[in-house]
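# Here is the input, now give the coordinates:
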Amino acid sequence: MPTFKLVLSDPRSGRARQLEVKDEVAQRLIGLRIGEVFDAQLLSGVI
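Model prediction:
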C-alpha cells in the first residue's frame, strides 16, 4: 500500500500542516498531480 507525505497550506493564514497518509486514504490520491487542488473530503478521517 502507498504512503504519502502531504503539506497542506492555507494561503490566507500563512499556516502549513504536514500529514502522512497511508493505505485507503493514500489510494484516493493516486492520479492527482503535485500542486493540484482537491476536495478535503478525500482526506476524511485524517484531518
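
# CA only for contacts and neighbour counts going forward, please
OK.

# neighbouring contacts of stretch 36-47?
V21, V25, R28, L29 (CA atoms under 8 Å, 6 or more residues apart in numbering).

# so where do the strands sit in this structure?
Under the criterion DSSP state E, strands of the chain are mapped to 3-10, 15-22.

# May I see the ones you listed arranged in a markdown table, with mean neighbour count as well?
Formatted as a markdown table, the strands of the chain follow (neighbours: other CA atoms under 10 Å):
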| stretch | mean neighbour count |
| --- | --- |
| strand 3-10 | 12 |
| strand 15-22 | 12 |
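
# Need the distance between the two termini of stretch 18-34.
Start-to-end span of stretch 18-34 (CA to CA, to the nearest Å) is 15 Å.

# Who is the residue nearest the centre of the chain paired with across the strands?
With distances taken as CA atoms, centre = their mean, the residue of the chain nearest its centroid is L6 (5.0 Å). L6 has these beta-bridge partners by DSSP bridges: L19.

# Run through the residues that contact it.
Contacts of L6 (CA under 8 Å, 6+ apart): Q18, L19, E20, V21.
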